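Trainee: Sequence and computational prediction follow.
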Amino acid sequence: MLRSFTKTETKSAGEGNGRRAFIGLCFLFGFAILFVRFGYLQVFQAETMKLKARQQHEKPITLASNRGVIVDRQGKPLALNLDVSSVYATPSSIDDPAGVARRLTQALGVPRESLEKRLRAKRDFVWVQRKIEDAQVKRLTDLELPGVDVVVESRRFYPKGTLLAHVLGFAGIDSQGLEGLENGYDEHLRGQVRQVVLQQDALGRIIIPESRRKPQALSGHAISLTIDEVIQYIAEQALDQAVEATKARGGAVLVMAPKTGQMLAWALRPTFDPNHILQASPEQWRNRGVTDPYEPGSTLKVVLAAAALELDRVKPDTLLYAGDGEIPISGTIIHDHEKTGWVTFREAVQRSSNVAFVKMTWDLGKEQVYQFLRTFGFGEKTGIDLPGESIGILSRPDQWSLRTLPSLAIGQEIAVTPLQLLTAVSAIANEGWLMRPFLVREISDDQGRSIRERVPHIRRRPIGAGTAKIVTDLMVDVVERGTGKRAAVPGYRVAGKTGTAQKVDPETGTYSSTKLVGSFVGFVPAEEPRLSILVVIDEPQGPAWGGVVAAPVFRKVAEQTLRYLSVAPGDESRVVAARSS
Amino acid sequence: MKWVLWTVLVASVSGMLLFYVWGKVDVVRVGYELDALLKKKAALTQEHERLQARLSQLTAPERIASEAGETLGMKPPGARQVVLVPSHPEDENPGDESEPPLRLARQTGE
């Protein structure tokens, strides 16, 4: 019995050992499978797994820095930034790209096919739509789509709308400067864009904000202009009224401080709103103040008069014979507006006698005329801090025809930008010193510390102070007794010159008798110039004389600006507007 | 004695682990709070920028001119409504005592 029992016990023990061995083997096999799988995932699938983990835990974001603000000389903002929302997606977190694309299309109105294609891309980050409206953000948030989120970006905003649009230019969707100062000073304005990776939990919440560990994106530098927004408004308003009254194709009013070269206003028409750039054409946003040369007509005579006086070829009382007001030039006839006969040089400037000036430039000769035009800055860039400046058109004397010299006497066969002409006349106002015009006064960092301050820069001195004073007197006569009477500002001595130029008809290649440019350029007060102003009215309908269409605009701008700047005539006293009590 | 020693050891290790986990959890909690505050700050900054832009629009010369002219009926002063005031009182005629030496504005009767 005992023996039998022992046998049974032995048998049971053997079966128990076998089961244990079997279970042990199962465990061993199971662990072996796990170990192999673990090794496969850790060794062979390591990169793929790492990528998946990263996609789940990390949230890559591009932090676009704020562009620097642009302010006028009084610190009034002309270009600033607004925060707007942009939608992005993480394709790896989206299980149903087609469904998500359909719902996004309904919420945001983006094209479905291209969106779905982007959502299927094997990328960590794709834009869905940039810079959307608040209502769209709410619709999107209500959808609670997985793998789709909103990030705040900065959008450029121009609070004054069309004011100074051509100078400011505009920035693109990625806050890159595309035109005007936005483009020219993009390096300063744009700041530093930064890529950051945020850690998120399973619900997509940020675990540790990135700003705890790294500094925020650096904002761009602020730019302070020489432009004064009030003078700019005065210039734009006067130009608008003139363009509307004359039904002109366009126009320009440029205002400069002649002693320093600081631009105070820069008005061009037609214009555009940089907030709605897609509604404007390149034709509208081109800065014609520096890009489009035109034939200046008689306004160029002040420069030629300065040359003749500087070379001592004439004096204000020198008699010139203008005959019957006609002079034949190489097959064509140059006319005066009236029979002139014998006139003094002073009267020739006053009446803008073409014949007298043709004879005077003949006397000067090709080389002298060319040299003086060059020293006054024609045929070269003024050096203003705006992109796309033209040098104008001034050919060398060895390329001139027989007609070129007399044509130059009346401001033809030369093309100048409005800024070149204003800069040249400002040199007369500035005792002969030719300044480099500029628009940016100061650049400062985001803490308000000055980085660069611009000081006036002298380019050269085409004429002496004595000559400048005589030319100024001649220009005052033009306003007080000559063709520019409508530019006179009560209480101030105004120096100026009118100009009426024919435009070349592109169809015939000859000067048009109907397409004209009326202009006036001058400065005030003549004895101590504070403002030099150029007015150009392009293709006005009806009378197109510069003294008729442009001089009144000069008067309006000068009168209001002098009052705004508290400039009193003749002395240093202040002007205070009295108000009825 | 050995049992007590083991108990103390296990309790110490457990306590350290709990402290470590507590610390980690607290960092995450503070992270969430910080994220919420940063979002609030961003929203306030956004509102500030929007108000600045609005202020800039409202103080634009064009709007002020329009409000002054159309709403308040104001217009630019005429030539006889502008008075020149010397910046240096001594420049004025000393014999003329009927006028104050310096004034900012006066009625011209126009």
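Mentor: Perfect, thanks for sending it. Numbers count the residues shown, from 1 in each chain, chains lettered A, B, ... in the order given.

Trainee: drop to CA atoms for contacts and neighbour counts, all remaining ones
Mentor: Noted.

Trainee: how far out from the middle of the chain is the worst-scoring helix or strand of chain B on mean pLDDT?
Mentor: For chain B, using mean pLDDT, DSSP states H and E, the weakest element among its helices and strands is strand B:82-85, scoring a mean of 72. Here the centre of mass of C-alpha atoms in strand B:82-85, compared against the chain's by C-alpha atoms, centre = their mean, to the nearest Å, lies 37 Å away.

Trainee: Count residues in the vicinity of residue 42, would you?
Mentor: Because you didn't say which chain, this covers chain A. Residues contacting A:Gln42 under the criterion other C-alpha atoms under 10 Å in any protein chain shown number 14.

Trainee: Hmm, no, I was thinking of chain B.
Mentor: 14.

Trainee: and if you look at the one 5 residues further on?
Mentor: Burial of B:Glu47 is recorded as 14 neighbouring residues (other C-alpha under 10 Å).

Trainee: Report the separation between it and chain A.
Mentor: Computed as C-alpha to the nearest C-alpha, to the nearest Å, the B:Glu47 to chain A distance reads 9 Å.

Trainee: what does the stretch 401-550 of chain A put close to chain B?
Mentor: On the criterion C-alpha under 8 Å from any C-alpha of the partner chain, chain B has as its neighbours in the stretch 401-550 of chain A the residues A:Pro490.

Trainee: any chance you could map the strands in the stretch 401-550 of chain A?
Mentor: Listed from the start of the chain, the stretch 401-550 of chain A has strands (DSSP state E, counting those that start in this stretch) covering A:434-435, A:440-444, A:450-453, A:458-460, A:495-504, A:511-524, A:531-538.

Trainee: would you turn these into TSV with distance to A:Glu480?
Mentor: Converted to TSV, the strands of the stretch 401-550 of chain A look like this (distance: least, C-alpha to C-alpha, whole Å):
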stretch	distance to A:Glu480
strand A:434-435	26
strand A:440-444	35
strand A:450-453	40
strand A:458-460	30
strand A:495-504	9
strand A:511-524	13
strand A:531-538	17
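
Trainee: so can I have JSON lines of the ones you listed showing mean pLDDT, mean neighbour count and distance to A:Arg37?
Mentor: As requested, the strands of the stretch 401-550 of chain A are exported to JSON lines (pLDDT from 0 to 100; neighbours: other C-alpha atoms under 10 Å in any protein chain shown; distance: least, C-alpha to C-alpha, whole Å):
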{"stretch": "strand A:434-435", "mean pLDDT": "97", "mean neighbour count": "27", "distance to A:Arg37": "79"}
{"stretch": "strand A:440-444", "mean pLDDT": "96", "mean neighbour count": "21", "distance to A:Arg37": "61"}
{"stretch": "strand A:450-453", "mean pLDDT": "93", "mean neighbour count": "12", "distance to A:Arg37": "61"}
{"stretch": "strand A:458-460", "mean pLDDT": "96", "mean neighbour count": "15", "distance to A:Arg37": "79"}
{"stretch": "strand A:495-504", "mean pLDDT": "93", "mean neighbour count": "28", "distance to A:Arg37": "84"}
{"stretch": "strand A:511-524", "mean pLDDT": "92", "mean neighbour count": "24", "distance to A:Arg37": "85"}
{"stretch": "strand A:531-538", "mean pLDDT": "97", "mean neighbour count": "28", "distance to A:Arg37": "82"}
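
Trainee: Can you say which of those strands is nearest to A:Ile231?
Mentor: If you check each of the strands of the stretch 401-550 of chain A against A:Ile231 by C-alpha to C-alpha, strand A:531-538 wins as the nearest, at 10.8 Å.

Trainee: Listing partners with orientation, what would you give for the closest one?
Mentor: strand A:250-257 (antiparallel), strand A:511-524 (antiparallel) (DSSP bridges).

Trainee: Return the nearest residue of the stretch 351-500 of chain A with respect to chain B.
Mentor: Here the stretch 351-500 of chain A gets closest to chain B at one residue, A:Pro490, 7.9 Å apart by C-alpha to the nearest C-alpha.

Trainee: Stretch A:242-254: end-to-end distance?
Mentor: Distances were taken as C-alpha to C-alpha, to the nearest Å; on that basis the terminal residues of stretch A:242-254 are 14 Å apart.

Trainee: quick revisit: I'd like to know which elements the least confident helix or strand of chain B is packed against.
Mentor: Counting by 3 or more C-alpha pairs under 8 Å, 6 or more residues apart in numbering or on different chains; DSSP states H and E, the packing neighbours recorded for strand B:82-85 are strand A:574-577.

Trainee: Quickly find the element holding the most centrally placed residue in chain B.
Mentor: For chain B, the residue lying nearest the average C-alpha position, counting by C-alpha atoms, centre = their mean, turns out to be B:His48 (7.4 Å). Applying DSSP states H and E as the criterion places B:His48 in helix B:2-58.

Trainee: what about chain B, any weak spots by pLDDT?
Mentor: B:79, B:84, B:86-110 (pLDDT under 70).

Trainee: again with the stretch 1-150 of chain A
Mentor: Applying pLDDT under 70 to the stretch 1-150 of chain A flags residues A:1-13, A:60-64.

Trainee: Helices of that one, residue ranges please.
Mentor: A:2-39, A:46-57, A:97-108, A:112-119, A:134-143 (DSSP state H, counting those that start in this stretch).

Trainee: Who are the packing partners of the third one?
Mentor: The helices and strands touching helix A:97-108, judged by 3+ C-alpha pairs under 8 Å, 6+ apart, are helix A:112-119, helix A:134-143.

Trainee: Now it: buried residues?
Mentor: Going by neighbour count (16 or more other C-alpha atoms under 10 Å in any protein chain shown), the buried part of helix A:97-108 is A:Pro97, A:Ala98, A:Val100, A:Ala101, A:Arg102, A:Arg103, A:Leu104, A:Thr105, A:Ala107, A:Leu108.

Trainee: quick revisit: I'd like the helices and strands packed on helix A:97-108 laid out as a markdown table, including mean neighbour count and distance to A:Pro543.
Mentor: Formatted as a markdown table, those follow (neighbours: other C-alpha atoms under 10 Å in any protein chain shown; distance: least, C-alpha to C-alpha, whole Å):
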| stretch | mean neighbour count | distance to A:Pro543 |
| --- | --- | --- |
| helix A:112-119 | 18 | 57 |
| helix A:134-143 | 14 | 52 |
